[in-house]
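Colleague: Based on what follows, work out the 3D shape:
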Amino acid sequence: MTADAALRAAITRLAAAGVPDPARDARLLLAHALGIGADRLVLALRDPLPAAAEARFAAALSQREGRRPVSQITGRRAFWGRDFQVSAAVLDPRPETETLVAEALSRPFHRVLDLGTGSGAILLTLLAERPVARGLATDLSPEALAVARANAEALGVTRATFALSDWFGQVEGRFDLIVSNPPYIAEAEMADLSPEVLHEPRMALTPGGDGLDAYRAIAAGALRHLEPGGRLLVEIGWTQAAMVRALLADAGLGSLRTLRDLDGRDRVIAATAP
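Modeller: Residues are numbered from 1 along each chain as shown. The predicted structure follows:
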């Protein structure tokens, strides 16, 4: 069987399983099975599919039919122009989170704290873009911290440290930038999530209840750990802007702004310490 024939059969198979954009996913998984970049797949389509690659492709397709995310199958996800290792222990980095990164990079910073770092995509991107900055990443999941450390090593970012911490629990000192993409999905909304999202760690998706507990914790500790004039940037669900702004304002943070993602949805709240 040629790679092209295998690809066409895979597209049909994924479409029958209800996978969104089956052609894209089949191409990504075939490139992964062949051990090549997706941009080079077209050059291999006329060649016979090696037996080992065929077996890897079949296994990957079976997982995708079960609606496991492509990134968890390949173990990689692109973010801000870099590849990050991902696993079932971390939230899949998403394009909308780049809204937070762009805002963070719009002004200088020297010491940054990333609360609930997951894969480390936010902190490591910021440190890679600002070579003089240093950062601390926290997470409540040891497995997530292991992924973040592996990404730091792979990217050559040596100015990051990591701590097992429930929000500010094990954090000391002050920072001129605090960032977070916390769990914010309300418990009542979990049933409506796609099968792909439900493969991600529950603790990274929802705190339960109304989805706002993480923001309450962040608001309560932010001023103790921000330098005067320091910035806080948090990602939010697109319906949560008013509620999160109110929590931060009540905690004494000012200069509140709501930033929208490329789809025009409210995505990030920016605030400043007095």
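Colleague: Secondary structure class of the residue most central in space within the chain, three-state.
Modeller: Closest residue to the average C-alpha location of the chain: Pro93 at 2.3 Å, with Cα atoms, centre = their mean. Per DSSP: H, G, I helix; E, B strand; the rest coil, the secondary structure class of Pro93 is coil.
Colleague: unless I'm mixing things up, it is touching Val86, no?
Modeller: Yes: proximity of Pro93 to Val86 meets the contact threshold set by Cβ atoms under 8 Å, at 7.2 Å. Bear in mind the C-beta positions are built from the backbone N, C-alpha and C, glycine included.
Colleague: ok, now which ones touch the closest residue to Gly118 other than its chain neighbours?
Modeller: The shortest distance from Gly118 to any non-neighbouring residue, by Cβ to Cβ, 6 or more residues apart in numbering, is to Val90 (4.2 Å). Contact analysis of Val90 by Cβ atoms under 8 Å, 6 or more residues apart in numbering lists 118-119, 141, 143-144, 147-148, 200-201, 204.
Colleague: Just the buried residues out of those residues, in ChimeraX syntax.
Modeller: Only the buried members of these end up in this ChimeraX selection, burial being decided by 16 or more other Cβ atoms under 10 Å:
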select :118,119,141,144,147,148,200,201,204
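Colleague: From the contacts of Val90, pick the one nearest Ala6.
Modeller: Of all the contacts of Val90, Ala6 sits closest to Glu200, with 28.6 Å by Cβ to Cβ.
Colleague: which ones are touching that closest one?
Modeller: For Glu200, the contacting residues are 69, 88, 90-92, taking Cβ under 8 Å, 6+ apart as the criterion.
Colleague: just the helices in the stretch 151-274 of the chain please.
Modeller: Read by DSSP state H, counting those that start in this stretch, the stretch 151-274 of the chain holds these helices, from start to end of the chain: 202-205, 213-225, 241-250.
Colleague: how about TSV for these, with distance to Ala53 and mean pLDDT added?
Modeller: What follows is the helices of the stretch 151-274 of the chain, written out as TSV (distance: least, Cβ to Cβ, whole Å; pLDDT from 0 to 100):
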stretch	distance to Ala53	mean pLDDT
helix 202-205	32	96
helix 213-225	42	98
helix 241-250	47	98
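Colleague: Which among those helices is found nearest to Ala163?
Modeller: Distances from Ala163 to each of these were compared using Cβ to Cβ; the shortest belongs to helix 213-225, at 12.7 Å.
Colleague: what angle sits between that closest one and helix 241-250?
Modeller: 30 degrees (axes from the mean of the first three to the mean of the last three Cα atoms, to 10 degrees).
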